[in-house]
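Chemist: Next input, structure requested:
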Amino acid sequence: MEYDEVPPALGAVVTDGRGTLPYALIHGEALVACAAWALGEAGVTPVDETVPWSALAESGEPFVLHDPLCPMTPPAFVAACVARAVERGCVVVGVRPVTDTVKVVEDGLVGATLDRDGLVAVASPVVLPTEVVASLEGLPAVDFVALVAELRRRYPVELVEAPAAARRVGSEDDVRVLEALTRG
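Modeler: Purely as a prediction, here's the structure:
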């Protein structure tokens, strides 16, 4: 499916539970503004938290959740995730590979190293196809990790590797690194 053939979708930038970091600046713009711009450029119609879930379900459109802590997620990637969710009828989640060393801790002792090849970090977006939107009474969580875990228990979920620019930030230092990565 081509970028210009993306089906209509509604979406929101989720700021609940993210503190003040969504309002930090990257390339002179607030992270939340960058995320909202990406939704619009991807052809997603933005809605805010005042829109009742029942109206989202009645729209018959997929629903895209974008995390402002992944502010530089490319619009083309968001659009591709929407198209994939519609085409396959499953929840689609942008993820990034885990690059840190991860250890198992048992009884307070550091043990074996986990194989990173089987690990991913939830990024953005999370795209709910219309069937999932219609079956929910609302979002089960606004924390994307908890949301994806709950959705995986109830629906088919496809994890799609997001580009490096879609990495999640957790501090002002992370914002500076992402800014350097996406400069140009």
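
Chemist: and the strand or helix carrying Glu87, how far from the chain's centre?
Modeler: Assigned by DSSP states H and E, Glu87 belongs to helix 75-88. Mean-position distance between helix 75-88 and its chain equals 12 Å (C-alpha atoms, centre = their mean, to the nearest Å).

Chemist: Mind listing what's buried along it?
Modeler: Pro75, Phe77, Val78, Ala79, Ala80, Cys81, Val82, Ala83, Arg84, Ala85, Val86 (16 or more other C-beta atoms under 10 Å). Backbone N, C-alpha and C define where each C-beta goes, glycine included.

Chemist: if I read this right, the last one contacts Pro129, doesn't it?
Modeler: Yes. At 6.2 Å, Val86 and Pro129 qualify as touching, with contact defined as C-beta atoms under 8 Å.

Chemist: For the buried residues of helix 75-88, give me JSON lines that also has pLDDT and distance to Val175.
Modeler: Listed next are the buried residues of helix 75-88 as JSON lines, based on pLDDT from 0 to 100; distance: C-beta to C-beta, whole Å:
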{"residue": "Pro75", "pLDDT": "96", "distance to Val175": "20"}
{"residue": "Phe77", "pLDDT": "97", "distance to Val175": "19"}
{"residue": "Val78", "pLDDT": "97", "distance to Val175": "20"}
{"residue": "Ala79", "pLDDT": "97", "distance to Val175": "24"}
{"residue": "Ala80", "pLDDT": "96", "distance to Val175": "25"}
{"residue": "Cys81", "pLDDT": "97", "distance to Val175": "23"}
{"residue": "Val82", "pLDDT": "97", "distance to Val175": "26"}
{"residue": "Ala83", "pLDDT": "96", "distance to Val175": "29"}
{"residue": "Arg84", "pLDDT": "96", "distance to Val175": "28"}
{"residue": "Ala85", "pLDDT": "97", "distance to Val175": "29"}
{"residue": "Val86", "pLDDT": "96", "distance to Val175": "32"}
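
Chemist: from the residues you listed, which is closest to Thr20?
Modeler: For these, the closest approach to Thr20 (C-beta to C-beta) belongs to Val78, at 24.2 Å.
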